[in-house]
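> here is a sequence together with a model predicted from it:
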Amino acid sequence: SNFFKEQDPFHLVIIFFIIFFGTAIFFSIPTFYDYKKYNQQIEKTINNEFKVYIHNLENISFRFVPSPHLLIKKADLKINESEQNLVSELENLKVFISITDLYKRDIFKIKRAEVKKANIYINNASLKNFIYNLKKNIINNFILKKSNIFFKNEKKEVLFINKVLSMKYFYDDNELKNVLHSDNEIFNVPYSIQIQNDNNKKILYTNLSVNPFRLRVQNKHNYNNEIKIGVSQFYYNNIKSIASYKGNKKFFEFNYSDKSEKPNFKYEGKINLKPFFSTFKGNINKLNLSYLIGQNTLFIELLKTEILNSKNIEFQSTLKSNTIQNYQNFKNIIFNSNIKEGLIDFDNSKLEWIENVDFKIKDSLVFVKNGELTLDGKLQINIKDINQIYKFLLTPKIYRKQIKKIDLNFTYNFDQKSADLKDIK
């Protein structure tokens, strides 16, 4: 303070202008650079710090706001240089840097990179390369906003579109983990996902939240050995369930239940990939038929697509239940589904009615006709005590006949919820 009191006002004005114009000149010099000369160095730095392949940079300029950064009007992006197709043609890529690094010209450090309103096209190859980067490489701070990710199959057809509202991908120096956090929307359903990879312990942590469905999934995946293992915890409407799994390139096994002791439901399955063969077993206290064969359920819609009719798929499933929800007189249900050589059936599915009648499905076939899902088959009915049935139905004695077995053919239309019974004997 004494220094300023001792100075002449004119000298203070001169000092102020020197500081002001010196700072302005310092920040203005980068705007006059010919960045074409440094394209190769900029590309190399971005690729090294973000572990991607970015090239064909166009119209690079320097901006002050919101903080010093390079603005790249156009750039081509691949996850890995070996990929045949571009992942995206980026526009207005912002690369935030320290302005003092620009004066070094040959070496500079990137603080973060930002992209908005990008269309990103992901196929199987680019997805594998992205997962490899997440597991193996330290990634700089990358931010993506208001963008679309198109997932394409081998025929270059778009399978679905994931809308990214806001995504941040960075390396946490404190936790020593790669972290990806993204708020998204798919099929008009908002969800958020966070992925953390601990490369030292070879563990991948995932948290998925789908708020409209009150669903949250936490997964811990250990990929340290040839056989990968993991545990998933599901929270749905405050109800918790747990799944454990293991697998490699040849097989995948899982167990899923709501609790370890006396579970209300328990499922287990195995998928052999080479050759492809799958088995599934489940036990549940009460079976809700509306979830299984109700109209527009996932299982019914999947059958209607006929994607399961491939001759390359072989699948066996058995679901057992003590009773049917809202139909307490039906007990000891066994629901079988089989897929082999392109044909789907429910053979050997069984249930009991009031402990005196056994129903069994035979020679069945599931198929789509005129866009509607249909089940054809034979129904075998074995009656243990016909008198108990007559009592339950309050049948007059003059109409009671001794019946031990009934065979019939049937056709059930899942879309119309109608059944046609014939050849009863």
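The structure has been received and is ready for your questions. Numbering: from 1, shown residues only.
> can you confirm Q40 is in a strand?
No: assessed with DSSP: H, G, I helix; E, B strand; the rest coil, Q40 is helix; it does not lie in a strand.
> which residues does the residue nearest to V87 when sequence neighbours are not counted contact?
Distances taken as C-beta to C-beta, 6 or more residues apart in numbering put L77 closest to V87, at 5.0 Å, once the chain neighbours are dropped. Where C-beta positions appear, they are placed from N, C-alpha and C, glycine not excepted. Counting by C-beta atoms under 8 Å, 6 or more residues apart in numbering, L77 touches V52, Y53, I54, L86, V87, S88, E89, L90, I120.
> can you give me the helices in the stretch 1-150 of the chain?
Per DSSP state H, counting those that start in this stretch, the stretch 1-150 of the chain carries helices over the ranges 2-6, 9-28, 39-50, 99-102, 124-136.
> next: the stretch 151-300 of the chain.
289-292, 298-305.
> turn the ones you listed into CSV, columns for distance to K220 and mean pLDDT.
Listed next are the helices of the stretch 151-300 of the chain as CSV, based on distance: least, C-beta to C-beta, whole Å; pLDDT from 0 to 100:
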stretch, distance to K220, mean pLDDT
helix 289-292, 28, 80
helix 298-305, 26, 83
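> beta-bridge partners for N178, please?
Beta-bridge pairing for N178 (DSSP bridges): Y171, N197.
> nearest the geometric middle of the protein, what residue?
L208 (9.0 Å; C-alpha atoms, centre = their mean).
> pretty sure it is touching I186, no?
No: applying C-beta atoms under 8 Å, one finds L208 not in contact with I186, separated by 11.6 Å.
> low-scoring pLDDT stretches of the stretch 101-250 of the chain, where are they?
The model of the stretch 101-250 of the chain has pLDDT under 70 over residues 101-107.
> and for the stretch 251-400 of the chain?
Applying pLDDT under 70 to the stretch 251-400 of the chain flags residues 260.
> from V179, how far out is the closest residue to V189 other than its chain neighbours?
Excluding the flanking residues, the one nearest V189 by C-beta to C-beta, 6+ apart is P212, at 6.0 Å. Counting by C-beta to C-beta, to the nearest Å, the gap between P212 and V179 amounts to 25 Å.
> between those two, who's got more neighbours?
Set side by side, P212 and V179 show more neighbours around V179, with 17 against 9, by other C-beta atoms under 10 Å.
> return the residues in contact with that one.
Going by C-beta under 8 Å, 6+ apart, V179 touches K168, Y169, F170, Y171, D172, Q194, I195, Q196.
> so which of those residues wins on neighbours?
That'd be Y169 among the contacts of V179, by other C-beta under 10 Å, with 22 neighbours.
> thinking again about what came up before, for K259, see how far away the residue nearest to the centre of the chain is.
Taking C-beta to C-beta, one finds L208 at 21 Å from K259.
> over to L57?
Where K259 is concerned, L57 sits at a distance of 56 Å (C-beta to C-beta).
> who has more neighbours, these two?
Set L57 next to K259 and count neighbours by other C-beta under 10 Å: L57 wins out with 22 against 12.
> spit out the contact partners of the residue lying closest to K177 once chain neighbours are set aside.
If you skip the residues right next to it in sequence, K177 has Q196 as its closest partner in space, 4.7 Å away by C-beta to C-beta, 6+ apart. Counting by C-beta under 8 Å, 6+ apart, Q196 makes contact with D172, E175, K177, N178, V179, L180, L204, Y205, T206.
> cutoff 7 Å now
Contacts for Q196 (C-beta atoms under 7 Å, 6 or more residues apart in numbering) come out as K177, V179, Y205.
> want to throw those into TSV with distance to N47?
TSV is the format used below for those (distance: C-beta to C-beta, whole Å):
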residue	distance to N47
K177	22
V179	21
Y205	27
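> identify, from those, the entry nearest to I72.
In terms of C-beta to C-beta, no member of the contacts of Q196 lies closer to I72 than V179, at 24.8 Å.
> I334 against K320, yeah?
Yes: with contact defined as C-beta atoms under 7 Å, I334 and K320 form a contacting pair (5.5 Å).
> quick one on the thing from earlier: for the contacts of V179, give me TSV that also has distance to E114.
TSV is the format used below for the contacts of V179 (distance: C-beta to C-beta, whole Å):
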residue	distance to E114
K168	10
Y169	11
F170	12
Y171	17
D172	19
Q194	19
I195	20
Q196	22
